[in-house]
Structures are given as structure tokens and as C-alpha cells.
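>>> Here is a sequence with its predicted model. Questions after.
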Amino acid sequence: MKSKIFEGKVMDDIIVAAQNHFHHDQQHLTIHVLEEKKGIFGIGAYVKAKVTLNLDPIEEGKKYLLQLLSDLCLEGTVEVALAQHSVTFNIDSNNNGMIIGREGKTLQAIQTLTSQVVNQYTKSHLKVLVDINGYKQQHNQKIEYFARKIAKEVTQTKIDAKLDPMNAYDRRLIHQALSDWKHIQTVSEGADPNRYIMIKYKR
């Protein structure tokens with residue numbers, strides 16, 4: 001939950017400033033007065049307070065995705081899986097293909113927006129993943145299997161391999177999948193949208 005210190009002449013100044021900063025009503029704010037001077041007839045009055053926004057970032061992310069489904073006239077559910085520094089929202093709808101989009105680009109955009117929603121309510125950055133009925137997990141496994149297969153061939157033949165152009169997300173998967181291979185080096189080359197990976201033999 002995010003907090004910020006505000007200063008003003010009276011408590012109303014603190015409340016208004018906090019509402020404008022957090023873009024939420026007072027009911028979602030907890031105010032802890034740190035310092036206060038009453039003054040004489042309002043002259044010299046001063047208040048300093050720590051204001052905390054009391055909203056669950058995970059719940060806000062889930063609400064955002066459910067609203068998105070509604071806006072797209074889709075029916076579906078959103079399940080949440082928590083890890084130490086990440087959260088995965090798994091969507092299942094009556095039109096998963098529409099949400100995934102071509103080459104998963106729509107899904108990737110939804111994940112980016114959901115991450116922004118969640119992290120506006122957190123102190124430290126939380127990694128946010130959005131999946132569609134296990135699509136991304138299956139996709140990741142397919143990419144990683146392909147990367148290991150090509151790396152094995154490069155290791156055996158000692159001939160570098162150039163992969164087809166792919167998006168940044170898939171390139172990152174390949175770099176990570178082969179990062180601990182003793183005789184393999186992965187290098188991204190070219191410029192988007194034609195940026196590709198070279199899997200090279202490393203002696």
C-alpha cells in the first residue's frame with residue numbers, strides 16, 4: 001500500500017491534497033497525524049500527516065480485468081495465483097482467442113495495462129502476469145523447448161543458428177532458457193520488428 005506525507009494549515013487541506021494525489025475518496029484513505037499546531041484564530045495553524053491508500057492491489061487488478069471482460073461483452077472468470085514477488089491472473093472467457101489476439105499481442109497489451117493498475121497501489125514493484133486459460137504457459141514451454149532443441153544442434157555441429165524474427169517477450173524467454181548452457185551464447189541482432197536471435201557456439 002502506498003503512503004505519502006502531506007502538509008497544510010488544516011486537516012481539510014490534507015484530505016483534499018491526498019484525494020487529488022491518490023485519485024480516491026477519503027473512505028479509502030488512512031490518515032495518521034504526525035504534527036499539528038492549532039494556532040490562534042487559525043493564524044499559525046499547521047498540520048502534517050502521513051496518508052496511506054488502503055486498497056488491495058491484487059483485488060484492483062482482478063476488478064480491472066473483470067471490467068475489461070464486461071466492456072468487451074465477454075463472459076469469463078479471473079483466477080489469481082500469488083508468488084513471492086509476482087502475481088498471475090488467469091482468465092478464462094467465452095472468446096479466449098479475441099483476448100489473446102494475433103501472436104499474443106493483445107494479451108501482452110492487457111498484461112502491461114494490468115501491471116500499471118496493480119503497481120500504482122504497491123510500494124515495491126510487483127511482477128504481473130496475465131494468462132488466458134494456460135495459453136501463455138503452453139506458449140512459453142513451446143518456445144523454451146524449441147530453444148533447447150536448436151541449442152543442442154548448435155552444440156553438436158558447432159554451427160551458429162539464426163532464428164526467425166520474434167517479439168521481445170519471446171526473445172527474452174530464449175535468452176533465459178539458454179543462459180546456463182556452457183557452450184551456448186545467445187545474441188539479439190537487427191532492429192524491430194525484424195529483430196532476431198543468434199544461437200552461437202561458445203568454445
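Arrived safely, thanks for sending. Numbering: from 1, shown residues only.

>>> counting contacts, what elements does the biggest helix by length in the chain pack onto?
Ranked by residue count and defined by DSSP state H, the top helix of the chain is helix 135-157. Under the contact definition 3 or more C-beta pairs under 8 Å, 6 or more residues apart in numbering; DSSP states H and E, helix 135-157 sits against strand 127-132, strand 161-162, helix 168-177, strand 184-189, strand 196-201. Every residue, glycine included, has its C-beta placed from N, CA and C.

>>> Report the mean per-residue pLDDT for it.
Helix 135-157 shows a mean pLDDT of 93.

>>> Ok, stretch 32-48 next?
Rounded mean pLDDT across stretch 32-48 is 82.

>>> Could you list the buried residues of that stretch?
By neighbour count with 16 or more other C-beta atoms under 10 Å, stretch 32-48 contains the buried residues 45, 47.

>>> so who does the residue nearest the centre of the chain touch?
Residue closest to the average C-alpha location in the chain (C-alpha atoms, centre = their mean): residue 115, at 2.9 Å. Neighbour list for residue 115: 127, 128 [criterion: C-beta atoms under 8 Å, 6 or more residues apart in numbering].

>>> 10 Å - rerun?
Residue 115 sits next to 61, 87, 125, 126, 127, 128, 129, 130 when contact means C-beta atoms under 10 Å, 6 or more residues apart in numbering.

>>> which residue packs closest to residue 53, ignoring adjacent ones?
residue 22 (4.8 Å; C-beta to C-beta, 6 or more residues apart in numbering).

>>> Repeat that for residue 9.
Using C-beta to C-beta, 6+ apart, the closest residue to residue 9 is residue 45 (4.9 Å).

>>> How much space separates the one you found from residue 21?
Going from residue 45 to residue 21 by C-beta to C-beta, to the nearest Å gives 21 Å.

>>> Over to residue 39?
Residue 39 is 25 Å from residue 21, by C-beta to C-beta.

>>> again with residue 193
39 Å.

>>> Give me the below-cutoff pLDDT ranges for the chain.
Scanning the chain with the threshold set as pLDDT under 70 gives 1, 41-42.

>>> Recalculate using a threshold of 80.
Along the chain, the model assigns pLDDT under 80 to residues 1-2, 39-43, 103, 123.

>>> Remind me which helix or strand the closest residue to residue 26 other than its chain neighbours belongs to.
The shortest distance from residue 26 to any non-neighbouring residue, by C-beta to C-beta, 6+ apart, is to residue 15 (5.8 Å). Using DSSP states H and E, residue 15 sits within helix 11-22.
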